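K.L.:
sequence and predicted structure below; questions after.
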Amino acid sequence: KAGVTQTPRYLIKTRGQQVTLSCSPISGHRSVSWYQQTPGQGLQFLFEYFSETQRNKGNFPGRFSGRQFSNSRSEMNVSTLELGDSALYLCASSVGQAQADTQYFGPGTRLTVL
Amino acid sequence: AQRVTQPEKLLSVFKGAPVELKCNYSYSGSPELFWYVQYSRQRLQLLLRHISRESIKGFTADLNKGETSFHLKKPFAQEEDSAMYYCALSGGSRLTFGEGTQLTVNP
């Protein structure tokens, strides 16, 4: 099976702009989770979608939002970008039936905010 | 609240030496614990999970509920084990990660 894919791989934006990141899960996986990875804060959970519904949410401001489509692909949006949003954004997919299913990670999207 | 602590940010050992990466957790329920590894320029990947009790690449980890620990061990480290290792706790459908330990195995 093909692994989790994320597009784009690299992105440069300026403060105040918005950005949309995309994630395609492993075929048959219905759960998609998003994480932010920074040198200072490490890996932090953003949110999780299962069957087009947000099932879990981390402690991030409302500028961070997401959605999931009927084919399980997911997008994450960040509005009014701040310098501190510069990070590697990781997407992970799992079957989603059991809450502790193994999550498989994509390569990430490196976002730089200038 | 759930929390994962990896006390060592950096760990350096010689090839053939035993290695132990420490992980402690805080969780009120019954924990599901994982070790993920990230080799240079590669994506984060699952190394092992406690529920499967497998040995992957010679690594093992035992869940100690009394000490709330899930330390990762390998009796004889290899140079190809050099990587970043993350301990993670599953609380529901979210993973909480530790800060990570950068393991370097010297020849």
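P.N.:
Now that the structure is in, tell me what you want to look at. Numbering: from 1, shown residues only, chains lettered A, B, ... in the order given.

K.L.:
direction included, what does the longest strand along chain B pair against?
P.N.:
Across chain B, the longest stretch assigned as strand under DSSP state E is strand B:83-91. If you go by DSSP bridges, strand B:83-91 pairs up with strand B:32-38 (antiparallel), strand B:94-97 (antiparallel), strand B:101-106 (antiparallel).

K.L.:
as a markdown table, those strands with mean pLDDT and mean neighbour count would be great.
P.N.:
C-betas here are computed from N, CA, C, even on glycine. What follows is the strands paired with strand B:83-91, written out as a markdown table (pLDDT from 0 to 100; neighbours: other Cβ atoms under 10 Å in any protein chain shown):
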| stretch | mean pLDDT | mean neighbour count |
| --- | --- | --- |
| strand B:32-38 | 93 | 22 |
| strand B:94-97 | 91 | 22 |
| strand B:101-106 | 97 | 17 |
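
K.L.:
can I get those in CSV with distance to B:H71?
P.N.:
Listed next are these as CSV, based on distance: least, Cβ to Cβ, whole Å:
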stretch, distance to B:H71
strand B:32-38, 10
strand B:94-97, 16
strand B:101-106, 11
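
K.L.:
picking up where we left off before, quick check: buried residues in the longest strand of chain B?
P.N.:
Using 16 or more other Cβ atoms under 10 Å in any protein chain shown as the test for burial, strand B:83-91 gives B:83, B:85-91.

K.L.:
next, format those as a markdown table and append pLDDT.
P.N.:
Conversion of the buried residues of strand B:83-91 to a markdown table gives the following (pLDDT from 0 to 100):
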| residue | pLDDT |
| --- | --- |
| B:A83 | 97 |
| B:Y85 | 97 |
| B:Y86 | 97 |
| B:C87 | 97 |
| B:A88 | 95 |
| B:L89 | 93 |
| B:S90 | 89 |
| B:G91 | 76 |
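
K.L.:
distance check, A:T14 against A:P8.
P.N.:
Plainly put, A:T14 is 16 Å away from A:P8 if you go by Cβ to Cβ, to the nearest Å.
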